[in-house]
Structure formats: C-alpha cells, structure tokens
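**Q** I would like to see how this sequence folds:
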Amino acid sequence: MREVYQKIFRDNLPHIWCAGCGNGIVMSAFARAYDKLGLDKDKTVGVSGIGCSSRITGYLDLNTLHTAHGRALPFATGVKMTRPEFAVFVFMGDGDCAAIGGNHFIHACRRNMDMTAIIINNYIYGMTGGQFSPLTPFGSKASTAPYGSVDRNFDICSLAIGAGATFVARGDVYHTKQLEKLIIEAHEHKGFSVIEVLSTCPISYGRRNKMPKPMDLMNYIKDVTIAKERADKMTAEEIAGKIVTGVLHQSAAVEYNEAYMAMVEKLEVGKNG
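**A** Now for the predicted structure:
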C-alpha cells in the first residue's frame, strides 16, 4: 500500500485531523479506489468546499480546488463543463453539502453531470464549533442544541434520488472495503454519482452524545448499519433502526455535457442550414 499512497499523496503527511476522525479513512479508501481505476492524475480533479473533510484535497497529488463553503459543486460543474474528459471527485461534509450547499446539491443531482460527490457525514459541524447540521440525527446534542436537536434530519440519499441523481450509495468508515468498492462503482457509472459516507467525529459529536472514544463511534456504525443485500431479505420490523448501506439506486439518464453538446450541434446545423 505504501506504493499506492506515494503515488497519490503529497509529502505533507501525517495529516492534522483529530485522533479518531474518519476523514483519513475516507481519503485512504479513495486512494485505493483511484489506484485500482488506473486514473491519470493529470486528468483527475479533486474539489472540496470548507470544513474538516474539505482538507482532503490538500493531501492529494492531483489537480485540486479548495473552494468556498457549500460551493464545491458549482466549481466542479465548471471544471467538468470545460474539461469533460477529466475524472472529477467532489469531497464535502454534511453541513457543507446539505446546509449552505443544499440548493447546489439538488441541482447537481438534477443535471446529471458525470462526476462523483462524496459526502462525509459525521453528523456535525466539526471545524466551526460543533453546531448541528441538516444530517444531525433527531435528538442528538450539539453546541447549538445542548438539550438535543428538535430538527428532523435529512436522509441525504433519499434526497439525492428524489432530485434525480442516477447513482446513489451509502458507505461508512467501518466497512472500508465496501467503501472502496462503492467509489469505484460510482466513478464507473455515467452520470451524477452520490456516496454518503457515515463517519466519526469523537470531539464535536461523540463526547456530547455519550460516545467520547473513537471506538465508541466505530462500534456504533458497525452495529447500526446493514448491507442492502441483507436488508432486502428482511422485514420492515427487522431492519427498524438500522441504516442501509450499499448501492441504493442506479438508473440511466442523459448526461448533462452530452445533452449540452447535442444542443450546440443542433444550433450550429440550424445556423448553417
């Protein structure tokens, strides 16, 4: 694995994430997936917004953009429009994607541009003080919800499916082989691909919610998740309280760049006709 990591990472490791943070696990899974896909680093782009998870692009020896809070998808859209042959991966946190970036996320799903969005969901705003996010589970405590959040949280995967994303999956930082496989499948799919990754934040989320040790959160993820293949064989009562992982939705639809270029070609024909 050292050769894989030397191939994709800059020389600024070790990273500065807190002990027990899941971001490094996601970054490592991405590195292995990138290697297996055989991508060209000069034709691969990593885009991130603002937040703990967005530091991933600072460690990748690829073309990278570290952009504004919630605006990673618009920047990535611009990259893919001008360089459609490039592989584009967008790294976002739960607050970054679903709060200030929520409208961008919905329309990125609707457009179906061929790129992969990786949403690292640690249930909290980790960098800015532990505020609750749109993905913080109902009843969970945060700095802005000391007695428990009364907001109902989004199911970001259901939101993505409803908005038109053509590949939607959920992974987690405990089942790392599954996560690596999902990243490969997402990239190989033609269209807008979304992967929610259930992650860990022992500092801002765990210690407020009786899971102060990193392994507390990892064990929680292990116990609460269930693979879709198993869930499909179980009753609603049996999977109550569980979070389903794996490929949740896959469909075919016209890809945005292809539709755009077809329209341009039609206009050119009309002008010359």
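**Q** report the contact partners of I203.
**A** C18, G20, C21, G126, G130 (Cβ atoms under 8 Å, 6 or more residues apart in numbering). The C-beta positions use only the backbone N, C-alpha and C, and glycine is treated the same way.
**Q** which of these tops the neighbour count?
**A** Greatest neighbour count in the contacts of I203, by other Cβ atoms under 10 Å, goes to G126: 28 neighbours.
**Q** residues contacting that one?
**A** Residues in contact with G126 (Cβ under 8 Å, 6+ apart) are C21, G51, C52, G93, C201, I203, S204, Y205.
**Q** again with I106
**A** If you count contacts by Cβ under 8 Å, 6+ apart, I106 has them with L159, A163.
**Q** what about I8, neighbour count?
**A** I8 has 21 neighbours, counted by other Cβ under 10 Å.
**Q** what about the residue nearest to it when sequence neighbours are not counted, distance to D232?
**A** Closest residue to I8 apart from its sequence neighbours, by Cβ to Cβ, 6 or more residues apart in numbering: A31 at 4.8 Å. According to Cβ to Cβ, to the nearest Å, A31 stands 31 Å off from D232.
**Q** quick one: which of these two has more around it?
**A** A31 (20 against 10).
**Q** wait, that one touches R10, no?
**A** No. A31 lies out of contact with R10 (Cβ atoms under 8 Å); the separation is 11.9 Å.
**Q** kindly reformat the contacts of G126 as a markdown table containing secondary structure.
**A** Below are the contacts of G126 laid out as a markdown table (DSSP: H, G, I helix; E, B strand; the rest coil):
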| residue | secondary structure |
| --- | --- |
| C21 | coil |
| G51 | coil |
| C52 | coil |
| G93 | strand |
| C201 | coil |
| I203 | helix |
| S204 | helix |
| Y205 | helix |
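**Q** looking at these, which is nearest T116?
**A** G93 (15.8 Å; Cβ to Cβ).
**Q** what's the pLDDT at that closest one?
**A** For G93, the model assigns a pLDDT of 95.
**Q** which residues does it contact?
**A** By Cβ under 8 Å, 6+ apart, the contact set of G93 is G49, G51, C52, S53, S54, I119, I120, N121, N122, Y125, G126, S133.
**Q** what's the closest of those to A262?
**A** Minimum distance to A262 across those is 30.1 Å, recorded for I119 (Cβ to Cβ).
**Q** contacting residues around D35?
**A** D35 neighbours (Cβ under 8 Å, 6+ apart): V4, K7, I8.
**Q** secondary structure element for it?
**A** Here D35 sits within helix 23-37, counting by DSSP states H and E.
**Q** what is the mean pLDDT for that helix?
**A** What helix 23-37 shows for mean pLDDT is 96.
**Q** buried residues, it. List them.
**A** 23-35 (16 or more other Cβ atoms under 10 Å).
**Q** try stretch 244-262
**A** Going by 16+ other Cβ under 10 Å, stretch 244-262 has these buried residues: V244, T245, G246, V247, L248, E255, Y256, N257.
**Q** residue boundaries of the strands in the stretch 151-273 of the chain?
**A** Applying DSSP state E, counting those that start in this stretch to the stretch 151-273 of the chain gives strands spanning 167-172, 193-198, 225-227, 243-250.
**Q** dump those to TSV, plus distance to E185.
**A** Listed next are the strands of the stretch 151-273 of the chain as TSV, based on distance: least, Cβ to Cβ, whole Å:
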stretch	distance to E185
strand 167-172	7
strand 193-198	8
strand 225-227	14
strand 243-250	7
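**Q** do you know which of the ones you listed lies nearest N63?
**A** The closest approach between N63 and any of the strands of the stretch 151-273 of the chain, judged by Cβ to Cβ, belongs to strand 193-198 at 19.0 Å.
**Q** what about D40, neighbour count?
**A** Counted with other Cβ under 10 Å, the neighbours of D40 add up to 10.
**Q** before we move on, what about H187?
**A** Residue neighbour count, defined by other Cβ under 10 Å, stands at 21 for H187.
**Q** once you drop chain neighbours, what's closest to it?
**A** In this structure, H187 finds its nearest non-sequential neighbour in T116, 5.4 Å apart by Cβ to Cβ, 6+ apart.
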